[in-house]
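**Student:** Need a 3D model of the following:
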Amino acid sequence: DWNDTSEGNYWDHYTGADGDKDGIGNSSYVIGIAGNTDDKPIMNYVRNTDTREIFVKIQDAIDDGDTDANDTITVGEGTYYENLDINKTVKIIGDGALTTIIDGDGNSDYVVDISANYVEIRGVNVTNGSSTSNSGIYLNSVSNCIVQHSNIRANHYGIWLSYSDNNNISWCNVTKNNDIGIIFSNADGNNIWKNLVKLNTGRGVSITGDDNVVTYNNFTENTLHGVLIGFGSSGNEIHHNDFDRNHNNDNDQAWDANNPYDNLWNETDNGIGNYWSDWDQSGDYDIAGDGSNKDENPIATPQRPRS
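**Tutor:** Residues are numbered from 1 along each chain as shown. Just a heads-up that it's a prediction; the model follows:
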């Protein structure tokens, strides 16, 4: 037999559909000219590169008893209708953010819930989480995790860091989420670097926490502020970013509720600040909030082309 009662094999040119979203094709795969069939073809290719085992679902690979800390799970192109619970220190490496899609199917859970330290996620599209609660990716009391080269789109919050420190989010497109793109809740020492945060219905980034570094990002056309820093947060650095037409380009693209210099809107070494599409090219740029925070050395031209 070419399959058991639950699953068969992965075939890279199988073209059947997965109507019930269980990872198994609804039609058989015909093998050769003798009429043999795989009646349970696996739709997508998930592989633990350390154990060399193949799985139907990403969660199956995470939960497998042979999957140990620091194993790498590669995820082929295709759509995976899953809500992942990553409770092991693993690497999830997709084929690319355009082709490897983790679809939360619109339910009320997180699409990706990370509760282990040192998890890495790269090259995936995390989408279709709840439109009214939770987030595409949730970092829950973890540290030293990496999210890179991924698209986070059409969730409630895009990425939510809760009591999570020293994580890295970079080279991601965080777009068209139904509220905040990236939210920090009591999260310290995180690095948000070289991301496109665009067209989120709420703010681009909302920070409650200390000593986070937000640099070289593009905050574009978010409905509210590009970046908001909540009261009681200090030591955050926000510089070398493009703020482009956020909050209706209404001289209110960022908000800092704290005293001047509690947070830095310019780099310490050279004083360079941020690009603001509504800056009048003269003097400081006023940061909304307590009325006295400023970017004292705005950048005259965007670092990236307007998008």
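**Student:** Where does pLDDT dip in this structure?
**Tutor:** Across the chain, the ranges flagged by pLDDT under 70 are 305-307.
**Student:** all strands of the stretch 1-150 of the chain, in order?
**Tutor:** Along the stretch 1-150 of the chain, the stretches classed as strands by DSSP state E, counting those that start in this stretch are 29-31, 36-38, 46-48, 53-55, 72-75, 78-81, 84-86, 91-94, 100-103, 112-114, 120-122, 125-127, 135-140, 146-148.
**Student:** just the helices in the chain please.
**Tutor:** With DSSP state H, the ranges of helices along the chain come out as 58-63.
**Student:** can you tell me how far the residue of the chain positioned farthest from its centre sits from W2?
**Tutor:** Centroid-distance maximum for the chain: A34 at 47.0 Å, with C-alpha atoms, centre = their mean. Per C-beta to C-beta, to the nearest Å, A34 is found 11 Å from W2. Where C-beta positions appear, they are placed from N, C-alpha and C, glycine not excepted.
**Student:** try N9
**Tutor:** Per C-beta to C-beta, N9 is found 7 Å from W2.
**Student:** ok so, going back, residues in contact with the residue farthest from the centre of the chain?
**Tutor:** Contact analysis of A34 by C-beta atoms under 8 Å, 6 or more residues apart in numbering lists nothing.
**Student:** Determine how far the last residue of stretch 70-85 lies from the first.
**Tutor:** 16 Å (C-alpha to C-alpha, to the nearest Å).
**Student:** one step back: list residues touching both of N9 and W2?
**Tutor:** Taking C-beta under 8 Å, 6+ apart as the contact rule, N9 and W2 both touch Y29, D38.
**Student:** export stretch 220-230 as CSV, just CAs?
**Tutor:** Provided in CSV are the C-alpha atoms of stretch 220-230 (Å, rounded to 0.1, in the frame of the first residue of the first chain):
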residue,chain,number,x,y,z
THR,A,220,3.8,54.2,6.5
GLU,A,221,0.2,55.2,6.4
ASN,A,222,-0.8,53.6,9.8
THR,A,223,-4.2,55.0,10.9
LEU,A,224,-2.8,56.3,14.2
HIS,A,225,0.7,57.1,15.3
GLY,A,226,3.7,55.4,13.6
VAL,A,227,5.2,54.9,17.1
LEU,A,228,3.6,55.4,20.6
ILE,A,229,5.6,55.2,23.8
GLY,A,230,3.4,54.7,26.8
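**Student:** Contacts for it next, please.
**Tutor:** Residues outside stretch 220-230 that contact it (C-beta under 8 Å, 6+ apart): 181, 196-208, 214, 219, 236, 238, 241-247, 252-258, 263, 288-289, 306-307.
**Student:** switch the cut-off to 7 Å
**Tutor:** For stretch 220-230, contacts defined as C-beta atoms under 7 Å, 6 or more residues apart in numbering pick out 181, 197-208, 214, 219, 236, 238, 243-247, 252-258, 263, 307.
**Student:** Okay, and which of the residues you listed map to strands?
**Tutor:** Secondary structure assignment by DSSP state E places 197-198, 205-208, 214, 219, 238, 243-244, 254-256 of the contacts of stretch 220-230 in strands.
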